[in-house]
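Build me a model from this:
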Amino acid sequence: MQIGRWNHQGSGGTASGAGAHASRERRGRSSSFSPSDFSAPSRFGGGRPRGGRAGRGGSRGGRSFGAFGETEAEIAKFVNRAIVTTEEPVFVPEHKFSDFDINAHLKANILAHGYELPTPIQDKAIQHALAGQDVVGLAATGTGKTAAFLIPLIDKVMKQKGERILIMAPTRELAVQIEKELAGFAKGLGFRGMVAVGGANIVPQIKQLKLDPAFVIGTPGRLKDLEERKAIDFGGFGTVVLDEADRMLDMGFIDDMRFILGKMRKERHTLFFSATMSRDIERLIGDFLSSPVVISVKTRDTSANVDQDVVRIARGADKFETLIELLSDREFSKVLVFVRTKHGAERLAKDLSRRHIHAESIHGNKTHGARMRALDAFKRGSVVALVATDVAARGLDIPAVTHVINYDLPSTYEDYVHRIGRTGRAAHKGKALTFVQG
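Okay, here's the model as predicted:
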C-alpha cells in the first residue's frame, strides 16, 4: 500500500470484497499492510484532530462524549510498535500442574489439554485456593485467570461432598466460555455445570437448577432474577467466584453483586479476580472477603505483540469508506471492530454486509443465542469482521484475531487496553488501529 492511498478527502465509494482484491492485484498493489507504510501527512500519524463527520456507527461531529483519544497526548497512547525482541525476563513458575495436590483424573484432564506450566496468576493463586484461602487476583484479561480458579474448585467439589460453586461473570459470552472450560477440565468426573444468563429463556435454566449442578455460572442480573423466582438459594453455595469484577461494576451490577453476596452464608470461600483496584472494588473486598491473599500479576499495559497505530480521518471524509478499504485487504482476515453503541454495532455490520464484507455483530440487544452464533461464526472464520460493543472486550478467548479496529474511540484508556488485547495473543502478532477524526 502506498501513502497516497490514504490521502483522499472525500467520501466516494471504493471497491470491496473479491472485486477489490482482484482490482488491487491488477494494479500491482501489495496486499501486505504495515503501519510503517504510513507517515504524515497521511492519516497514520501527524496533524491535529479537527471536526468532521464520524460516519456510520459512530458519533457525529468527530467528538464522542466521554471518549478517550480527543487530545494529542491521549492519541499518542494509540501508537506503539510491536516489539520483535524483548529484554523482559522469562517467567519461571514455582510449580508444574503435576506438582499440585489435586485429583488424579483432574490432573490427567489438565495435561490432556496441553497444560504443563502454569501462568503467573495460576502459579500463585491455585495453591492458596486449594488451601481454602480467600484470594484477590489482580491480573489483566488473557492471563489464565479462568483455570486459576476452576482447577482448585473442581478439586474441591471432588473432595468435599455436596460442595457447590457460584461463579459471577459480567457477560453472557464469558459465562459460556467459563462453562466450556469447566467441561473440558471436569470431563469424566461425574458432575455438571450450567449457565444462567439473560437474553436466554429462563425456563430451561430453572429446570437445570432443580438438578443441583455443582457449578452455576451466571451474570448477576439473571442470577438475581432466578433467586426472586425461588429457583436458586444462594445460601446453598459454599464458594463464590467474582470474575472480571471491575467490569461488572462498570456495567452497573454493583447492587446485584451485593444482593447475591448478602444472601450467601458468611462462612464461605471467596475468589475475586479483577484487572484493576478501584475504591468500589476495595469496599467489596473489605465487606465480603476474609483476610484474603492478594496476588498482583504486573504486566505491561498492552502486549508487546500488538502493533498499534492511528488512522486519521480527514475532515469531510467518510470513515466508513476507510473501513471498507481496510477490510478489502486480504491481510485483514479476522477483524474485531469496536463501536460505542448497540445500535451502531448492528447498523455497521449490516452496512458492511451490503458492501460484500462478511460481518456479524455482537451487542447487548441481541439474544443470547444470536450472540453465540455470531461469536461462533467469527471463531470459525465464516465472517471477516465481528462488529462489537465493549461487551466483547473482556475475557473472551478468540483465536488468531489479526486486527482490532477502534472504529469509535474507547471511553477510557483501560477500555482501549482490553479491546486491543483480543489480538496478539499467545505467540501471535496482532495489529490495532484507532480511527481519529482530523
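
in what helix or strand does residue 270 lie?
Element membership for residue 270, per DSSP states H and E: strand 269-274.

which secondary structure elements does that strand contact?
Secondary-structure packing of strand 269-274 (3 or more CB pairs under 8 Å, 6 or more residues apart in numbering; DSSP states H and E): helix 120-130, strand 135-138, helix 145-159, strand 239-242, helix 245-250, helix 279-288. For the C-beta atoms, the positions are set from N, CA and C on the backbone; glycine is no exception.

will you turn these into a markdown table that also has mean neighbour count and distance to residue 327?
Below are the helices and strands packed on strand 269-274 laid out as a markdown table (neighbours: other CB atoms under 10 Å; distance: least, CB to CB, whole Å):
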| stretch | mean neighbour count | distance to residue 327 |
| --- | --- | --- |
| helix 120-130 | 22 | 35 |
| strand 135-138 | 24 | 36 |
| helix 145-159 | 23 | 31 |
| strand 239-242 | 26 | 37 |
| helix 245-250 | 23 | 28 |
| helix 279-288 | 15 | 38 |
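
Distance to residue 335 for these - can I get that in TSV?
What follows is those, written out as TSV (distance: least, CB to CB, whole Å):
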stretch	distance to residue 335
helix 120-130	29
strand 135-138	30
helix 145-159	25
strand 239-242	31
helix 245-250	23
helix 279-288	32
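
Of those, which is nearest residue 387?
helix 245-250 (19.8 Å; CB to CB).

and the closest one, how far from the chain's centre?
13 Å (CA atoms, centre = their mean, to the nearest Å).

Kindly report the same for stretch 313-325.
Its chain's C-alpha centre and that of stretch 313-325 lie 27 Å apart, by CA atoms, centre = their mean.

Mind exporting the C-alpha coordinates of that stretch to PDB?
Extracted in PDB, the C-alpha atoms of stretch 313-325 (Å, rounded to 0.1, in the frame of the first residue of the first chain):
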ATOM      1  CA  ILE A 313      -9.900  10.600   9.000                       C
ATOM      2  CA  ALA A 314      -9.700  13.800   7.000                       C
ATOM      3  CA  ARG A 315     -12.300  16.500   7.600                       C
ATOM      4  CA  GLY A 316     -15.300  15.800   5.400                       C
ATOM      5  CA  ALA A 317     -14.300  12.200   4.700                       C
ATOM      6  CA  ASP A 318     -16.500   9.200   5.500                       C
ATOM      7  CA  LYS A 319     -14.700   6.800   7.800                       C
ATOM      8  CA  PHE A 320     -17.000   4.000   6.700                       C
ATOM      9  CA  GLU A 321     -15.300   4.100   3.300                       C
ATOM     10  CA  THR A 322     -11.900   3.900   5.000                       C
ATOM     11  CA  LEU A 323     -13.100   0.900   6.900                       C
ATOM     12  CA  ILE A 324     -14.300  -0.700   3.700                       C
ATOM     13  CA  GLU A 325     -10.900  -0.100   2.100                       C
END
